[in-house]
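> sequence-free structure coming up:
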C-alpha cells in the first residue's frame with residue numbers, strides 16, 4: 001500500500017511540475033506585448049527552474065491530496081476483487097458506494113489542484129491562497145467558464161476521436177489481408193487498440209487544458225483591470241480580441257511600465273492587492 005502511495009505521489013508531482021511549467025509559459029506569452037517571445041527565446045528551461053525553486057511546495061501539496069485519493073480508490077478496487085460477492089452483499093454494496101464517492105472526490109481534487117496550479121503559476125502565493133483566488137475568479141466568471149469549458153471539451157473530444165480513428169485505420173494497413181477477417185471476428189484487439197490510442201491522445205492533449213486554463217485566467221483579469229483605452233489597453237492577442245470583441249481602441253504598442261506589470265511567478269507585484 002505504501003509503495004502504491006509513493007508511486008502515485010511521485011507521478012502526480014512530476015505531472016504537476018509539467019502543468020505549472022506550461023501554465024507559466026502561457027502566462028508569459030499572454031502578458032508580454034511581443035507574442036513571439038516563446039518562439040524566439042529558450043524560455044522553457046528557465047521557467048522550469050523557477051517552478052522547481054518557487055512553487056514546489058504548492059505542487060507537493062496538490063500531488064499529496066491527489067495521491068491519497070488515488071491510493072484509497074485503488075485499495076477499494078482491490079477489496080472488491082477479493083471479496084466473494086455472494087457471501088457478503090452488504091459489504092460489497094458499501095464498497096461500491098465508497099468507490100463512487102472516491103471517484104467524485106478525485107474529480108473534485110483534480111479540478112481544484114489544476115486551477116490552483118494555474119493561479120499560483122500566474123500570481124504566485126501558496127496552495128491555499130491560490131485555491132481561494134482560483135475559486136473566487138471562477139465564480140465571478142461562471143458564464144464565461146461554462147462557454148470556454150464546453151467549447152474546449154468538445155474540441156478535445158473531436159481531436160481524440162480523430163486520433164483514435166486514424167490510428168485504427170493505419171493499423172489495418174499494416175495487418176495482412178488474410179488476418180483481417182480473423183481480427184474482425186474477434187473484437188478484443190480492436191477494443192484494446194482503441195483504449196491504448198485514446199490514452200495516448202489523452203496524454204497528448206493534457207497540456208492543452210493547462211494552456212487553456214492559464215489563458216482563461218489571464219483573460220478574465222485582463223478584462224477587469226484594462227478597458228481597451230490607450231492608457232489601459234488589453235494585453236490579449238489581436239486574434240483573441242476579435243474572437244471576444246474586447247478590442248483596443250487604438251492598435252498601438254502597449255506602454256511598458258515596470259510598476260504596473262501583472263504579477264506572475266517572475267514578478268513581485270500582485271495587481272489584485274493594489275486595487
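All right, it came through fine. Since the structure is predicted, the reported quantities are computational estimates derived from the model, not experimental observations.
> how many residues are close by residue 154?
10 (other Cβ atoms under 10 Å). Placement of C-beta: from N, CA and C, glycine included.
> wait, I meant residue 140
Using other Cβ under 10 Å, residue 140 is surrounded by 12 other residues.
> next one: residue 146
Residue 146: 10 neighbours (other Cβ under 10 Å).
> what secondary structure does it sit in?
Three-state assignment for residue 146 (DSSP: H, G, I helix; E, B strand; the rest coil): helix.
> mind checking how far the residue nearest to residue 76 when sequence neighbours are not counted is from residue 210?
The spatially closest residue to residue 76, leaving aside those adjacent along the chain, is residue 99, at 5.0 Å (Cβ to Cβ, 6 or more residues apart in numbering). Residue 99 is 28 Å from residue 210, where distance means Cβ to Cβ, to the nearest Å.
> in terms of neighbours, single out the busier of those two.
Neighbours per residue, other Cβ under 10 Å: of residue 99 and residue 210, the larger number sits with residue 210, 22 against 15.
> so the more buried one is in which element?
Residue 210 belongs to helix 188-225 when assigned by DSSP states H and E.
> next secondary structure after that helix?
helix 238-244.
> that next one: which residues count as buried?
240-241 (16 or more other Cβ atoms under 10 Å).
> pull the distance from that helix to the chain's centre.
23 Å (Cα atoms, centre = their mean, to the nearest Å).
> poorly predicted segments of this protein, please.
Applying pLDDT under 70 to the chain flags residues 37-42, 84-88, 174-188, 250-275.
> now the strand or helix carrying residue 132: buried residues?
Taking DSSP H and E as the definition, residue 132 sits inside helix 127-140. Neighbour counts over helix 127-140 (16+ other Cβ under 10 Å) mark 127, 130-131, 133-134, 137-138 as buried.
> okay, angle between the strand or helix carrying residue 71 and helix 127-140 too, please.
Using DSSP H and E, the element containing residue 71 is helix 56-82. With axes from the mean of the first three to the mean of the last three Cα atoms, to 10 degrees as the basis, helix 56-82 and helix 127-140 are set at 80 degrees to each other.
> buried residues of helix 56-82, list them for me.
Buried, per 16+ other Cβ under 10 Å, within helix 56-82: 58-59, 61-74, 76.
> for the residue nearest to residue 76, give me its contacts.
73, 76-77, 80 (Cβ atoms under 8 Å, 6 or more residues apart in numbering).
> same list (those residues) but as a markdown table, adding distance to residue 6.
A markdown table is the format used below for the contacts of residue 99 (distance: Cβ to Cβ, whole Å):
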| residue | distance to residue 6 |
| --- | --- |
| 73 | 16 |
| 76 | 19 |
| 77 | 18 |
| 80 | 23 |
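> for residue 147, state which of those residues is nearest.
Nearest to residue 147 among the contacts of residue 99: residue 73, at 31.5 Å, using Cβ to Cβ.
> distance of the closest one relative to residue 12?
13 Å.
> try residue 203
14 Å.
> and these two? Which one has more around it.
residue 12 (23 against 9).
> OK, contacts around that one?
So residue 12 contacts 62-63, 66-67, 70 (Cβ under 8 Å, 6+ apart).
> just the element for it, please.
Going by DSSP H and E, residue 12 is in helix 2-31.
> how much distance is there from the helix holding residue 210 to the middle of the chain?
That offset, for helix 188-225, works out to 6 Å (Cα atoms, centre = their mean).
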